[in-house]
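Visitor: give me the fold of what follows.
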Amino acid sequence: MLERCLIEFCSSTLASIKAASLFNITFLSKEDAEAQIRFWNIQLKIKGVRLFLLRFQGNRALIYVYREKQLASRLNSPEVAEFLHSYGYDDIHLSAALERLRNRISASRDFPHEIGIFLDYPLGDVMGFIANGGRNFKCVGCWKVYCDECACRKKFAQFRKCRDVYLRLWEQGRSVLQLTVAA
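Guide: A predicted model of the protein is given here:
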């Protein structure tokens, strides 16, 4: 169920702690996935949250959930923009960058490593992952950490607590819309 996935995998984005999240979910068809995404985009637009279909393969959808303003701000930071430019992101405006990411995902069996930027991972950790081929990390949580281990461990704990609280509140009857912080 899409609603549960939003709570379980995107609570930190819904709470505005993190700019974006990602999850896989099964649908009956691509049309069903697109219809549900349209529905949730209408619901969450007022809160500044959007869903974006990154890939549909078989009956599996890879759904990206993001906060428009937070993500746009991140992509426009000079260091991030320069990094993305090195991966062919000539236009870092939100819609163009997301289309480029979608194209990069569909062109490869593996995730393009710059996806960490789109998931609000620290730039140093994304660059560390690429430089080290995913090895030699300091710790692992939501991502592999190469830079500030202490700060990331705190973030990971914050994300876990947020997810646990959101799941409990959702199971008690709060809706996704009620649990989504306004932009």
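Visitor: all helices for the chain, in order.
Guide: 2-14, 30-44, 68-75, 78-85, 94-106, 115-118, 123-132, 149-171, 176-179 (DSSP state H).
Visitor: mean confidence score for the fifth one?
Guide: Per-residue pLDDT over helix 94-106 has a mean of 96.
Visitor: equivalent analysis for the third one, please.
Guide: Here the mean pLDDT over helix 68-75 is 97, rounded to a whole number.
Visitor: still on that earlier bit, tell me the most buried of the helices of the chain?
Guide: helix 115-118 (a mean of 22; mean count of other C-beta atoms under 10 Å). Where you see a C-beta, it was placed from the backbone N, CA and C, and this is true even at glycine.
Visitor: now do that helix: which elements does it pack against?
Guide: Helices and strands touching helix 115-118, by 3 or more C-beta pairs under 8 Å, 6 or more residues apart in numbering; DSSP states H and E, are helix 68-75, helix 78-85, helix 94-106, helix 123-132.
Visitor: one step back: closest to Phe52 out of the helices of the chain?
Guide: helix 94-106 (5.8 Å; C-beta to C-beta).
Visitor: if we can go back for a sec, I'd like the helices of the chain laid out as a markdown table, including distance to Leu53.
Guide: Putting those into a markdown table (distance: least, C-beta to C-beta, whole Å) gives the following:
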| stretch | distance to Leu53 |
| --- | --- |
| helix 2-14 | 12 |
| helix 30-44 | 6 |
| helix 68-75 | 16 |
| helix 78-85 | 21 |
| helix 94-106 | 8 |
| helix 115-118 | 14 |
| helix 123-132 | 23 |
| helix 149-171 | 23 |
| helix 176-179 | 18 |
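Visitor: kind regards, and thank you for your time.
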